[in-house]
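K.L.:
coordinates only, sequence not included:
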């Protein structure tokens, strides 16, 4: 099949996946730009014509790839970029340390609402959005951050926010090739299970029986469960691809921008932060999918959605940490690094993960609260009660602006339904009062 025909086929699949109102377009290379430098590095690794990057202009915060197609389409969106920057603040800003759980819960519910809107599940989307905003005491700007981000110093933070998630998706192209060609996995089963055991040891509140079930699941559902050995290694492989290419790309961009090189400590900090950001957003997407599921097995799915991701993410983090120690040792001392130099790199990597551990715990608590609400593990207030509670709060400009953006997104996605109609009416009345 000719290249143009393959691209047309991929775009037809994307149109189905993204919905009839989605506006996406093929990325046009800008040589010398940070994006251009990043994609050049990826092409050198994967080969020219291995992927096509599409921008989603309007819509939910999507970032995904379809490695089964060739060239592999990768979808990126400004909304994902903006929310990534906002979630990163929750993980990193000192002023938010004591309220990180509250901020994480609010942002997670909003993410779930936006993902649900694209799938046409309006009732859940409105309930989740209202839960995120009614009684809200901390307002973080999650509007379009593209121009703000572009004005930042082209350094470790800029590169991680812009490109870590994208590089992870492109890493799936390489991981899919490895699987299709029958190449061995990154780790033996014994070592991969060792990483799962490390993760389970951290899950101190899980009973021994549950830990045994998860361990058995890793072997029995290797490619289908998020804790399956093959699935874990596929995701970890994409993480490692992203880590390696992000370091090289940061070096290239900083060198071009002002003749500088990345600071190893800051690179590690930003890498750890963005792995957490992307994991949180992925879990919100998965939770929204499960929450909109109407089947009889909803409770079983809900349980898996709450219990398995923390173990899977911790196991992946352990796999990636072992890779990062080698990566940094080679970066600093070349292939001939010594055991002592490897140990030095290991201290840096371990310190980066340890630095954010307390904040990650607080964010996890907030995310868990959001997931419990989304999965109906706690009682829902009625829609009428939520709307009534919102009515007086719309007098606040920040609340009105955020609610208006949610209604605008619904319009862009062609979402309709009685809950949205009621919300739109309230917003229109509040806007007239403000003017």
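P.N.:
Received, thanks. Remember, it's a predicted structure, so these values are computed and weren't measured experimentally.
K.L.:
for this structure, what are the low-confidence residue spans?
P.N.:
1-2, 184-185, 294-299, 434-435 (pLDDT under 70).
K.L.:
so who does the spatially most central residue of it touch?
P.N.:
Closest to where the C-alpha atoms of the chain average out (CA atoms, centre = their mean) is residue 278, at 2.5 Å. Going by CB atoms under 8 Å, 6 or more residues apart in numbering, residue 278 touches 63, 84, 164-165, 168. All C-beta atoms are positioned from the backbone trio N, CA, C, and that covers glycine.
K.L.:
cool, and residue 406?
P.N.:
Counted by CB under 8 Å, 6+ apart, residue 406 has contacts 110, 113-114, 129, 423.
K.L.:
and it, which of the three is it?
P.N.:
Three-state call for residue 406 (DSSP: H, G, I helix; E, B strand; the rest coil): helix.
K.L.:
Equivalent analysis for residue 186, please.
P.N.:
Applying three-state DSSP: residue 186 is coil.
K.L.:
how close does it get to residue 12?
P.N.:
Relative to residue 12, residue 186 is positioned 34 Å away (CB to CB, to the nearest Å).
K.L.:
For the two, indicate the residue with more neighbours.
P.N.:
Ranked by neighbour count (other CB atoms under 10 Å), residue 186 and residue 12 place residue 186 first, with 18 against 10.
K.L.:
Quick check, that one in contact with residue 239.
P.N.:
No. The criterion here is CB atoms under 8 Å, and residue 186 misses it with residue 239 at 10.5 Å.
K.L.:
Show me the common contact partners of these two, please.
P.N.:
Among the neighbours of residue 186, those also in contact with residue 239 (CB under 8 Å, 6+ apart) are residue 319.
K.L.:
Doesn't residue 36 lie inside a helix?
P.N.:
Yes. Looking at residue 36 with three-state DSSP, it is inside a helix.
K.L.:
Got phi/psi on the closest residue in space to it that isn't next to it in sequence?
P.N.:
Sequence neighbours aside, residue 30 is the residue nearest to residue 36 in space, at 5.0 Å (criterion: CB to CB, 6 or more residues apart in numbering). The phi/psi pair for residue 30 (degrees, to the nearest 10) reads phi -120, psi 90.
K.L.:
number of nearby residues for residue 30?
P.N.:
11.
K.L.:
Go ahead and confirm it touches residue 39.
P.N.:
No. Using CB under 8 Å, residue 30 makes no contact with residue 39, being 9.5 Å away.
K.L.:
From the contact counts, what lies against whichever helix or strand residue 179 is part of?
P.N.:
Using DSSP states H and E, residue 179 maps to helix 156-180. For helix 156-180, the packing partners by 3 or more CB pairs under 8 Å, 6 or more residues apart in numbering; DSSP states H and E come out as helix 34-46, strand 51-58, strand 64-65, strand 72-77, helix 78-92, helix 146-150, helix 229-258, helix 264-291.
K.L.:
Turn these into a markdown table, including distance to residue 384.
P.N.:
Below are the helices and strands packed on helix 156-180 laid out as a markdown table (distance: least, CB to CB, whole Å):
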| stretch | distance to residue 384 |
| --- | --- |
| helix 34-46 | 47 |
| strand 51-58 | 30 |
| strand 64-65 | 36 |
| strand 72-77 | 33 |
| helix 78-92 | 29 |
| helix 146-150 | 37 |
| helix 229-258 | 42 |
| helix 264-291 | 21 |
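K.L.:
quick revisit: tell me the one of the contacts of residue 278 nearest residue 262?
P.N.:
residue 164 (13.4 Å; CB to CB).
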